[in-house]
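# Okay, here's the prediction I keep looking at, along with the sequence it came from:
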Amino acid sequence: MDNLYSSVAKVLELTLSKKSSLRTAVYNHAFKNKKQLLRLSCETLKYKAYLNKILDCQNVMRHLIKCQRLSEQRELCLILVYELVFGKGISIGDKQIKRAILGAKKDILTEHQNLIDSGVDPETAVSSDTITLPRYARVNTLKNTVEEAIEALVTQEYEYLTDVSITNRTKFKKFVEGMTKYQFFVDRHLPEVLIFSPNVDLHECDLVVDSKLILQDKASCLPAFVLSPTPGSVCVDACAAPGNKTSHLVALLEGKGEVWAYDKDRTRLQTLQKRMEACEAAIVDATNFDFLRVPLEDFATVDYALVDPPCSGSGMVKRGEYLQKRRI
């Protein structure tokens, strides 16, 4: 297990220092069991703020600083405390580390219980450097207008906030954190994107179920918005599946023209086809093929091309990535 803990510590170091994304750090590491490495890295990051609260306890640190590696490597401390508190216990061969962490075990568990007794939730504990991300949803203008979507949400007892114009990042953060669960407003850059409280779960909302509202992060909405194809144009979506950006393209085209959607993954393309049907994106011609192998002359009539390779997390913030401090 020593090798696993050291490997996770390296992944956390690269991720938290912004030198690499979580997934890149995992898959570039020499540790063979990538699934095990990713799982422990994600779980430790998930509880990072809570684990730091435990490590900030003087009674805990007085034991850990006796070991040079632990005193110099906070990431390794996080992993070992996670294993003690939430995992299956520690299995480690390094005698110095083992002596230090087991010496601190009683104080670690005591501090853990103190935090629980004081009402701190391990999963929602927030560190001082955490930025709260709002929930984003794009109105599918193929099935309803922005005004109709807002009206429908209001009838479902959501509160529409008008005239919200915040340009300062710090003020935006405070505003989002202060929103009540069912409040929402229109994004100032993307008029078809609605911003909701971080605390709301929209998955069972009628508009989402009916594909009138698409759960899609703002960053995922930007490529099609920036491209802004003229209605009636022919567009290529080069890496199309699972289809959030494809349906956005069709909406910007107002359902007029053509969208040639390519993806070389058959399963993902089938997902795209189902989504296009649900979104009423009828002008999409989906093809299971690598667009890089399409003869250039086949694109002679194409007006616009959207090339956004996989890694966007299917329109949502990726697993693990939300655990890192980031700009909104």
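Yes, it's here. Numbers count the residues shown, from 1 in each chain.
# quick one: average confidence on the lengthiest helix in the chain?
For the chain, the helix with the greatest residue count under DSSP state H is helix 95-117. For helix 95-117, mean pLDDT is 89.
# Please list the outside residues in contact with it.
50, 53-54, 57, 59-60, 62-64, 66-70, 76, 80-81, 84-85, 90, 92, 122, 125 (Cβ atoms under 8 Å, 6 or more residues apart in numbering). Backbone N, C-alpha and C define where each C-beta goes, glycine included.
# Any of those residues buried? List them.
Buried members of these, counted by 16 or more other Cβ atoms under 10 Å: 50, 53-54, 57, 60, 63-64, 67, 70, 76, 80-81, 84-85, 90, 122, 125.
# residue ranges of the strands in the stretch 151-300 of the chain, please?
159-160, 183-186, 193-196, 213-215, 234-237, 258-263, 284-288 (DSSP state E, counting those that start in this stretch).
# Is it possible to get CSV of those strands that adds distance to residue 141, mean neighbour count and mean pLDDT?
Shown next, in CSV, are the strands of the stretch 151-300 of the chain (distance: least, Cβ to Cβ, whole Å; neighbours: other Cβ atoms under 10 Å; pLDDT from 0 to 100):
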stretch, distance to residue 141, mean neighbour count, mean pLDDT
strand 159-160, 18, 14, 98
strand 183-186, 13, 20, 97
strand 193-196, 11, 23, 97
strand 213-215, 10, 22, 94
strand 234-237, 16, 24, 98
strand 258-263, 15, 24, 97
strand 284-288, 15, 17, 97
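# Identify each buried residue in stretch 174-192, please.
175-176, 179, 182-187, 190, 192.
# Quick one, grab the pLDDT at residue 29.
Listed pLDDT for residue 29 reads 92.
# picking up where we left off before, identify, from the buried residues of stretch 174-192, the entry nearest to residue 225.
residue 190 (5.7 Å; Cβ to Cβ).
# these two touch, right, the closest one and residue 216?
No. Judged on Cβ atoms under 8 Å, residue 190 makes no contact with residue 216 at a distance of 10.1 Å.
# Give me the common contacts of the two.
With Cβ under 8 Å, 6+ apart, residue 190 and residue 216 have common neighbours residue 138.
# that older thread, neighbouring strands of the next helix or strand after the longest helix of the chain in the sheet, and parallel or not?
Following helix 95-117 in sequence order, the next helix or strand is strand 135-139 (DSSP states H and E). Note on strand 135-139: by DSSP bridges, its sheet partners are strand 193-196 (antiparallel), strand 213-215 (antiparallel).
# Give me the contacts around strand 135-139.
145-146, 149, 187, 190, 192-198, 200, 202, 208, 212-218, 221, 244, 248.
# Kindly export that strand (C-alpha atoms) in PDB.
Written as PDB, here are the backbone C-alpha positions of strand 135-139 (Å, rounded to 0.1, in the frame of the first residue of the first chain):
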ATOM      1  CA  ARG A 135     -26.000  25.200 -11.400                       C
ATOM      2  CA  TYR A 136     -26.300  26.100 -15.100                       C
ATOM      3  CA  ALA A 137     -29.100  25.100 -17.500                       C
ATOM      4  CA  ARG A 138     -29.600  26.000 -21.200                       C
ATOM      5  CA  VAL A 139     -33.100  26.700 -22.400                       C
END
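# Compute the mean per-residue pLDDT across that strand, please.
On average, strand 135-139 scores 95.
# what distance separates that strand from the centre of its chain?
14 Å (Cα atoms, centre = their mean, to the nearest Å).
# repeat for stretch 27-34
The answer for stretch 27-34 is 22 Å, by Cα atoms, centre = their mean.
# Then stretch 71-85?
24 Å.
# what do you get for stretch 164-171?
22 Å.
# For that stretch, the averaged confidence score.
83.
# For residue 279, see how far away residue 199 is.
Separation of residue 199 from residue 279 (Cβ to Cβ, to the nearest Å) stands at 27 Å.
# Any stretches of this structure with poor pLDDT?
Where the chain drops to pLDDT under 70, the residues are 1-2, 124-132, 309-328.
# Residue 258: what's its closest spatial neighbour, skipping adjacent residues?
residue 234 (4.7 Å; Cβ to Cβ, 6 or more residues apart in numbering).
# Make JSON lines from the strands of the stretch 151-300 of the chain and add distance to residue 135 to it.
Converted to JSON lines, the strands of the stretch 151-300 of the chain look like this (distance: least, Cβ to Cβ, whole Å):
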{"stretch": "strand 159-160", "distance to residue 135": "14"}
{"stretch": "strand 183-186", "distance to residue 135": "8"}
{"stretch": "strand 193-196", "distance to residue 135": "4"}
{"stretch": "strand 213-215", "distance to residue 135": "8"}
{"stretch": "strand 234-237", "distance to residue 135": "25"}
{"stretch": "strand 258-263", "distance to residue 135": "27"}
{"stretch": "strand 284-288", "distance to residue 135": "26"}
